[in-house]
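Participant: can you look at this prediction? I've put the sequence above it.
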Amino acid sequence: MIQLENVSKMFGSGAYGLTEINLSIEKGEFVFIVGPTGSGKTTLFRLLIREMLPSQGSIVVGDFDLIKLPHSRVSHLRKKIGVIFQDLKLIVDRTVFENVLLPLEVVGVPVSEAIKRAEELLGQVELTAHRDKFPLQLSGGELQRTAIARSLALSPEVLLADEPTGNLDPTTSREIVNLLGDINKKGTTVLMATHNADIVNEFKKRVVALQKGRIIKDEKKGKYELD
Amino acid sequence: MSLINTTWKHVRRSPYQSIAAILIVMQTFFVVSMFIFLIVGSSRIIAFLESQPQVTAFFENETKQEEMQVLKEAVKQTGKVSATKFVSKEEALKIYEEQNKDEPILLEFVTADILPASLEVSTYKIQDLSEIYTLLKNAPIVAEVIYQKDLVSKLTLWTNALRTVGITLIAVLGISSVLILVIVIGIKISQKKTEIEIMRLLGATSWYVRWPFIFEGMLYGVVGAVVAWCIASGILWYATPFLNNFLGGVSVLPFSPIILLEILAVEILLGILLGVFSSFLAVLRYLK
């Protein structure tokens, strides 16, 4: 599903975001990407949605060769990948419902169908009661769940979750990861970037550890270890 | 539906910018409307004058009826004259009274004696007017000859000058409109930078992001053009009795509703072009 070969990303300052990354992720896998702040987790996700291009190497996501992908087809790629951004990127002057509706509007799903789908998603993340609230009126967990609902709107083949449990209490964190686990069970490939050791250790999934932009460990049913 | 909603939201959330945009477009199209009225009106006056090739000879005060008759016959014998008409001193007074019926002071001291009798001569062709003019001018009993060819060429001159001034004014206002629309839409794009970035990350195509802004520019163009047309047409309608009085017998006004609607259609089209062009410039400049 996802293939990275010899991928490096050098930033303008000359600093390396990622160095010689080789990573292969199968369809339907659940992978924790772990590592301290600045280890390159977010850079990896930004490369996967073609928010930027690598300095070298090749990236393939599904049928898309990201290096050769023309700018005009980037939107096609992004429709296949759901993203829960680290800073959530919810639109503050739109309600929960409108935020979830956005990806459906963007791809031109007929209104009645889009509304039905958004209501279904809000039910799935248990936010139906908060549908008309604005992001500023929500708790951290509710915001996360809004972002999750939005990322699932187009039934993506891949879900990238960037620190979805950051700043959340352990119980809420567990709920969020359980929700991602359920989504994964339905066939969606899930990549979750985190530095929450408890969660990683508890869920016993594949763990890819990054440090200073390099993969230092890649284990099935791994643990949060950076040594 | 979503496009209209999004555009309407853009307009509603920054009303002052939207009003500024509409006002400048409105000013431009108000001048356009007035200019069109003027051009249509003046070309009608010229057409009217040209359709009635006429020379008017005013007689000396003491001229006898028989002398006038002789001149009339001489003119008729050229074979180029379609009609001749005597206007006696009394008839001249009647015309004068009719023209100035609202201003009694002007009527008070005027009697038939001080007004000259005249002979109106129409020709089949406007080119023949100069020959008749010379003939009349050379007659000793004729004091003055008014020749419409002069009037037509003077009017044409004025119309051409007005056309130059009008086109220059419209060009300046048009450029101002485009620049202000580019600035207003540019500000709106900048205000929505985060939202646009999010939409792009969620898979929005460039055109999905651009359309509401293009549509917004189009809306300003259309609303500005329609409002300006309504105001200009209102003013024209209000001024029609006065203008008709001023123009005397020349039938210029009122314009038929069809002409007014045609002007509206042209202005809406120009409004759309102006709006789309401006917003397209803004989108190219600010949405890279």
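Facilitator: Cool, got the structure. Numbering: from 1, shown residues only, chains lettered A, B, ... in the order given.
Participant: sec struct for residue A:208, please.
Facilitator: strand (DSSP: H, G, I helix; E, B strand; the rest coil).
Participant: surely it meets residue A:30?
Facilitator: No - Residue A:208 is not in contact with residue A:30 according to CB atoms under 8 Å; the separation is 11.5 Å. Quick note: C-beta positions are derived from backbone N, CA and C, even for glycine.
Participant: enumerate the residues of chain A near chain B.
Facilitator: A:49, A:51, A:72, A:75-79, A:83, A:85, A:89, A:91, A:102-103, A:105-107, A:111, A:150, A:154 (CB under 8 Å from any CB of the partner chain).
Participant: taking those one by one, which sit in strands?
Facilitator: residue A:83 (DSSP state E).
Participant: point out where chain A drops to low pLDDT.
Facilitator: A:227 (pLDDT under 70).
Participant: revised request: answer the last question for the stretch 101-250 of chain B.
Facilitator: B:126-127, B:148-150, B:152, B:248-250.
Participant: now it against chain A: closest residue?
Facilitator: residue B:203 (3.7 Å; CB to the nearest CB).
Participant: so that residue: helix, strand or coil?
Facilitator: Per three-state DSSP, residue B:203 ends up coil.
Participant: do the one 4 residues further on as well
Facilitator: Following three-state DSSP, residue B:207 is assigned to helix.
Participant: one more: residue B:101?
Facilitator: Per three-state DSSP, residue B:101 ends up coil.
Participant: so what's the residue of the stretch 101-250 of chain B closest to chain A up against?
Facilitator: A:75-79, A:103, A:106-107, A:154 (CB atoms under 8 Å, 6 or more residues apart in numbering or on different chains).
Participant: can you do 10 Å?
Facilitator: A:49, A:74-83, A:102-103, A:106-107, A:153-154, A:156 (CB atoms under 10 Å, 6 or more residues apart in numbering or on different chains).
Participant: got it, and residue A:27?
Facilitator: A:1-2, A:62, A:157-158, A:187-189.
Participant: same deal with residue B:139?
Facilitator: Per CB under 10 Å, 6+ apart, neighbours of residue B:139: B:57, B:59-60, B:63, B:67-68, B:70-71, B:74-75, B:119, B:145.
Participant: how much space between whichever residue of chain A sits closest to chain B and residue A:64?
Facilitator: Of all residues in chain A, residue A:78 sits closest to chain B, at 3.7 Å by CB to the nearest CB. Taking CB to CB, to the nearest Å as the measure, residue A:78 falls 10 Å from residue A:64.
Participant: how far does the helix or strand where residue B:154 lies sit from the chain's center?
Facilitator: When elements are assigned from DSSP states H and E, residue B:154 belongs to helix B:148-191. In this view, helix B:148-191 has its centroid 13 Å away from the chain centroid, taken as CA atoms, centre = their mean, to the nearest Å.
Participant: now for it, which elements pack on it?
Facilitator: helix B:2-13, helix B:15-51, strand B:54-59, helix B:129-138, helix B:206-247, helix B:257-286 (3 or more CB pairs under 10 Å, 6 or more residues apart in numbering or on different chains; DSSP states H and E).
Participant: circling back to that earlier point, tally up the residues packed near the nearest residue to the residue of the stretch 101-250 of chain B closest to chain A once chain neighbours are set aside, please.
Facilitator: Sequence neighbours aside, residue A:78 is the residue nearest to residue B:203 in space, at 3.7 Å (criterion: CB to CB, 6 or more residues apart in numbering or on different chains). Neighbour count for residue A:78, taken as other CB atoms under 10 Å in any protein chain shown: 25.
Participant: identify the residues contacting residue A:78.
Facilitator: Counting by CB under 10 Å, 6+ apart, residue A:78 has contacts A:49-51, A:64, A:103, A:106-107, A:154, A:156, B:200-205.
Participant: dump the residue contacts of residue A:173.
Facilitator: Residue A:173 touches A:140-141, A:144, A:164-167, A:194, A:196, A:198-199, counting by CB under 10 Å, 6+ apart.
Participant: same deal with residue B:201?
Facilitator: So residue B:201 contacts A:46, A:49, A:51, A:78, A:81, A:83, A:85, A:89, A:103 (CB under 10 Å, 6+ apart).
Participant: if we go to 7 Å?
Facilitator: For residue B:201, the contacting residues are A:49, A:51, A:78, A:83, A:89, by CB atoms under 7 Å, 6 or more residues apart in numbering or on different chains.
Participant: make a markdown table out of the residues you listed and add distance to residue B:167.
Facilitator: Converted to a markdown table, the contacts of residue B:201 look like this (distance: CB to CB, whole Å):
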| residue | distance to residue B:167 |
| --- | --- |
| A:49 | 52 |
| A:51 | 49 |
| A:78 | 49 |
| A:83 | 54 |
| A:89 | 50 |
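Participant: among those residues, which pair sits farthest apart?
Facilitator: Greatest spatial distance among the contacts of residue B:201 (CB to CB): A:78 and A:89, at 12.7 Å.
Participant: ok so residue B:200 is a strand residue?
Facilitator: No - under three-state DSSP, residue B:200 sits outside any strand and is assigned helix.
Participant: how many residues are close by the residue nearest to it when sequence neighbours are not counted?
Facilitator: In this structure, residue B:200 finds its nearest non-sequential neighbour in residue B:209, 6.7 Å apart by CB to CB, 6+ apart. Residue B:209 has 19 neighbours, counted by other CB under 10 Å.
Participant: the one 3 residues further on too?
Facilitator: A total of 22 residues lie near residue B:212 under the criterion other CB under 10 Å.
Participant: domain assignment for chain B?
Facilitator: B:2-49+B:153-286, B:54-124 (automatic domain parsing).
Participant: most tightly surrounded among these?
Facilitator: domain B:2-49+B:153-286 (a mean of 17; mean count of other CB atoms under 10 Å in any protein chain shown).
Participant: hang on, the earlier thing: from the residues of chain A next to chain B, which would you call buried?
Facilitator: A:49, A:51, A:75, A:77-79, A:83, A:85, A:89, A:91, A:102-103, A:105-107, A:150, A:154 (16 or more other CB atoms under 10 Å in any protein chain shown).
Participant: find the centremost residue of chain A, please.
Facilitator: In chain A, the residue lying closest to the centroid (CA atoms, centre = their mean) is residue A:160, at 1.7 Å.
Participant: what pairs with the one helix or strand that one maps to, and is each one parallel or antiparallel?
Facilitator: Counting by DSSP H and E, the element that carries residue A:160 is strand A:158-162. When pairing is defined by DSSP bridges, strand A:158-162 lines up against strand A:81-84 (parallel), strand A:189-194 (parallel).
Participant: just the strands in chain A please.
Facilitator: A:2-10, A:16-25, A:30-34, A:56-61, A:64-65, A:81-84, A:158-162, A:189-194, A:206-211, A:214-219.
Participant: apart from its chain neighbours, what residue comes closest to residue 93?
Facilitator: Assuming you mean chain A. Residue A:93's closest residue in space is residue A:134 (CB to CB, 6+ apart), at 7.1 Å.
Participant: should've been chain B
Facilitator: residue B:112 (4.4 Å).
Participant: residue B:88 is in contact with the one you found, correct?
Facilitator: No - the criterion here is CB atoms under 7 Å, and residue B:112 misses it with residue B:88 at 8.1 Å.
Participant: phi, psi for the residue of the stretch 101-250 of chain B closest to chain A please.
Facilitator: phi 100, psi 10 (degrees, to the nearest 10).
Participant: the nearest residue to residue B:101 once chain neighbours are set aside: what secondary structure?
Facilitator: Distances taken as CB to CB, 6+ apart put residue B:107 closest to residue B:101, at 7.8 Å, once the chain neighbours are dropped. When classified by three-state DSSP, residue B:107 comes out as helix.
Participant: many thanks, I have nothing further to ask.
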